[in-house]
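Enquirer: sequence isn't available, so here's the structure alone:
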């Protein structure tokens, strides 16, 4: 599967209009279902090595609009990995203590230690998206934060953290369908919030904020991927391929030992 | 499956001699393999409700000797749950900062928030086991710590945390086999540590320390279970049953909403 085509090239001024949320290029739902267990098996093997090696870590940043599929992605892509090596952190509205720090403070505390896969369900990118759309930060502050984010990500990389940033790209119609589904299914009522409709009304403002953010912060070593996300099975399949490629490229190894195992006698 | 028989009754002075690590009562390996996917499905359903409800949490404490199967239990029992609702914390030798606090300080920070399943790979129980065997704390201090542990667990329970404490009970022969396996398999060499043999030499001291600790800290609401753990498939099967019973008893519910979903119109 060609995953590079979903990557945002560094320096590119992108327009989300060019990205089709319905895309399922070259894959059928059946094919994706058939290969899922194999992909998972490969991921588990690589994860085991990553955890044993304890030298590198992987940070997966999930960003999208409401009902964009963050929870579903975690459920379908990361279930099946060993939870001892996966750390999922959700970021909600900042607390007063968090707000009294710089915006990277609370996320820094949850970056993955060596050996771990960290998943951010929302992230520090909210601080240049939701805050901007609601006029809490001006253009200058947004630019400053882009700089801070780039510097922050370089710090993580210098210590051995690979960073994957995934924007789950859904259409406005698909969001409506998913909201309606939450209203129709009693077991999903709790997922719906009146606030979601207020945010939906700001759809175009979010589009602009996402475009600027993805353009400004996609780098060769910490790229954004724009994931066509209307079809959940395609979204999951593509993300599993991206994870697999990334972990393969990180190439973690079981640690070597400094003793001769054949010489040891157990009483 | 009758899981109560593996529970240590409050106040019981136990002897580990009475517990057979080889036990597989009434189950075959094939039966366990056949029902595993169903058990997992039930667990996933209950976990989803627990996470949505966000009122209660579950803390699973795993204690055992070296090569007793903590990592394997996490891998086989908790893989398959949604990692967004599971938080695994491993406790290694305390750092200088941790040692400058009381022994519960570092574990308290990792207790599961409402909605989560927390798994402790080793725990605050090390502070009445390894420290005692190595003579770092005297009898009086151990008794004081038992009191502190009981009080600590009550605090967690009062806030809605259910506590399951599992002692994975292996035999001395089984430990030898597992160490040998680590020495024979190049992908497992890194799991072996020379220190493991020093600890193995203290087998009987650990037996005494475990007996006293399990006797002193098994309570009706935060019981210890002694899991026959020589057969990994039986260990996993039994633990899945205990988890399922516990979650069923906690009976988490999807939250009710305070609006009428049928009245909401999405533009």
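Expert: Received, thanks. Bear in mind the structure is a predicted one, so any value in this text is a computation, not a measurement.

Enquirer: show me which helix runs longest in chain A.
Expert: helix A:29-53 (DSSP state H).

Enquirer: pLDDT on the helix or strand that that helix is followed by, on average?
Expert: Where DSSP states H and E defines the elements, the next helix or strand beyond helix A:29-53 is strand A:57-64. Across strand A:57-64, the average pLDDT comes to 98.

Enquirer: so what are the sheet partners of strand A:57-64 and their directions?
Expert: strand A:117-121 (parallel), strand A:161-169 (parallel) (DSSP bridges).

Enquirer: dump these to a markdown table, plus mean neighbour count and distance to residue B:76.
Expert: For every residue, glycine as well, the C-beta is placed using N, CA and C. Below are the strands paired with strand A:57-64 laid out as a markdown table (neighbours: other CB atoms under 10 Å in any protein chain shown; distance: least, CB to CB, whole Å):
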| stretch | mean neighbour count | distance to residue B:76 |
| --- | --- | --- |
| strand A:117-121 | 24 | 19 |
| strand A:161-169 | 23 | 28 |
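
Enquirer: mind listing the helices for chain A?
Expert: Counting by DSSP H, the helices of chain A are A:29-53, A:70-73, A:96-99, A:105-108, A:130-133, A:139-158, A:172-184, A:194-200, A:203-217, A:232-250.

Enquirer: buried ones in the longest helix of chain A?
Expert: Neighbour-count burial for helix A:29-53 flags A:32, A:36, A:39-40, A:43, A:46-53 (criterion: 16 or more other CB atoms under 10 Å in any protein chain shown).

Enquirer: who are the contact partners of residue A:254?
Expert: Residues near residue A:254 by CB atoms under 8 Å, 6 or more residues apart in numbering or on different chains: A:49, A:52, A:53, B:186, B:187, B:189, B:190.

Enquirer: I'd like to know how many residues surround residue A:151.
Expert: Residues within reach of residue A:151, counting by other CB atoms under 10 Å in any protein chain shown, total 10.

Enquirer: list the contacts for it?
Expert: By CB under 8 Å, 6+ apart, residue A:151 lies in contact with nothing.

Enquirer: can you tell me how far it is from residue B:238?
Expert: Look at residue A:151 and residue B:238: by CB to CB, to the nearest Å, they are 50 Å apart.

Enquirer: any chance of the strands paired with strand A:57-64 in JSON lines, plus distance to residue B:266 and mean pLDDT?
Expert: Shown next, in JSON lines, are the strands paired with strand A:57-64 (distance: least, CB to CB, whole Å; pLDDT from 0 to 100):
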{"stretch": "strand A:117-121", "distance to residue B:266": "23", "mean pLDDT": "98"}
{"stretch": "strand A:161-169", "distance to residue B:266": "19", "mean pLDDT": "98"}
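
Enquirer: can you tell me which of those strands is nearest to residue A:4?
Expert: strand A:161-169 (13.2 Å; CB to CB).

Enquirer: now the angle between helix A:232-250 and that closest one, please.
Expert: On the basis of axes from the mean of the first three to the mean of the last three CA atoms, to 10 degrees, strand A:161-169 is oriented at 160 degrees to helix A:232-250.

Enquirer: got the residues of the stretch 101-250 of chain A near chain B?
Expert: In this structure, the stretch 101-250 of chain A approaches chain B at residues A:119, A:121, A:176, A:179-180, A:182-184, A:186-187, A:189-190, A:192, A:194, A:197, A:200-201, judged by CB under 8 Å from any CB of the partner chain.

Enquirer: put the buried members of those residues into a PyMOL selection.
Expert: For the buried members of these, the matching PyMOL selection, counting by 16+ other CB under 10 Å, is:
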select buried, chain A and resi 119+121+179+180+182+183+189+190+192+200
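
Enquirer: close to chain B, is the longest helix of chain A?
Expert: Yes: judged by CB under 8 Å from any CB, helix A:29-53 comes into contact with chain B through A:44, A:52.

Enquirer: not counting that helix itself, show me its contacts.
Expert: Residues outside helix A:29-53 that contact it (CB under 8 Å, 6+ apart): A:56-58, A:80-82, A:84-86, A:115-117, A:231, A:233-234, A:236-237, A:240-241, A:243-244, A:247-248, A:250, A:252-255, B:79, B:190.

Enquirer: picking that back up, ok, the buried residues of helix A:29-53 vs residue B:125, which is closest?
Expert: residue A:51 (23.6 Å).

Enquirer: what number of residues lie near residue A:236?
Expert: Residue A:236, neighbours per other CB under 10 Å, totals 22.

Enquirer: so what's it up against?
Expert: Going by CB under 8 Å, 6+ apart, residue A:236 touches A:32, A:36, A:73, A:76, A:77.

Enquirer: can we see that at 10 Å?
Expert: Going by CB atoms under 10 Å, 6 or more residues apart in numbering or on different chains, residue A:236 touches A:32, A:33, A:36, A:39, A:69, A:72, A:73, A:75, A:76, A:77, A:227, A:229.

Enquirer: just the pLDDT for it.
Expert: pLDDT recorded at residue A:236 is 98.

Enquirer: from residue A:77, how far off is it?
Expert: Per CB to CB, residue A:236 is found 5 Å from residue A:77.

Enquirer: now swap in residue A:172 and tell me
Expert: On the measure of CB to CB, residue A:172 and residue A:77 end up 24 Å apart.

Enquirer: do the same with residue A:208
Expert: Distance from residue A:208 to residue A:77, by CB to CB: 29 Å.

Enquirer: just residue A:159 next, same as before
Expert: 25 Å.

Enquirer: so which of these two has more stuff around it?
Expert: Taking residue A:159 and residue A:77 together and counting by other CB under 10 Å, residue A:77 has the greater number of neighbours (26 against 12).

Enquirer: these two touch, right, the more buried one and residue A:235?
Expert: Yes: shown here, residue A:77 and residue A:235 form a contact pair, counting by CB atoms under 10 Å, at 8.7 Å.

Enquirer: what residues are shared contacts of the two?
Expert: In contact with both residue A:77 and residue A:235: residue A:166, using CB under 10 Å, 6+ apart.

Enquirer: tally of neighbours for residue A:90?
Expert: Residue A:90 has 15 nearby residues by other CB under 10 Å.

Enquirer: so it makes contact with residue A:118?
Expert: No: counting by CB under 10 Å, residue A:90 stays clear of residue A:118, with 11.9 Å between them.

Enquirer: what is in contact with the two at once?
Expert: Common neighbours of residue A:90 and residue A:118 (CB under 10 Å, 6+ apart) are residue A:110.

Enquirer: excluding residues flanking it in the chain, which one is nearest residue A:245?
Expert: Leaving aside its chain neighbours, residue A:245 sits nearest to residue A:3 (5.9 Å; criterion: CB to CB, 6 or more residues apart in numbering or on different chains).
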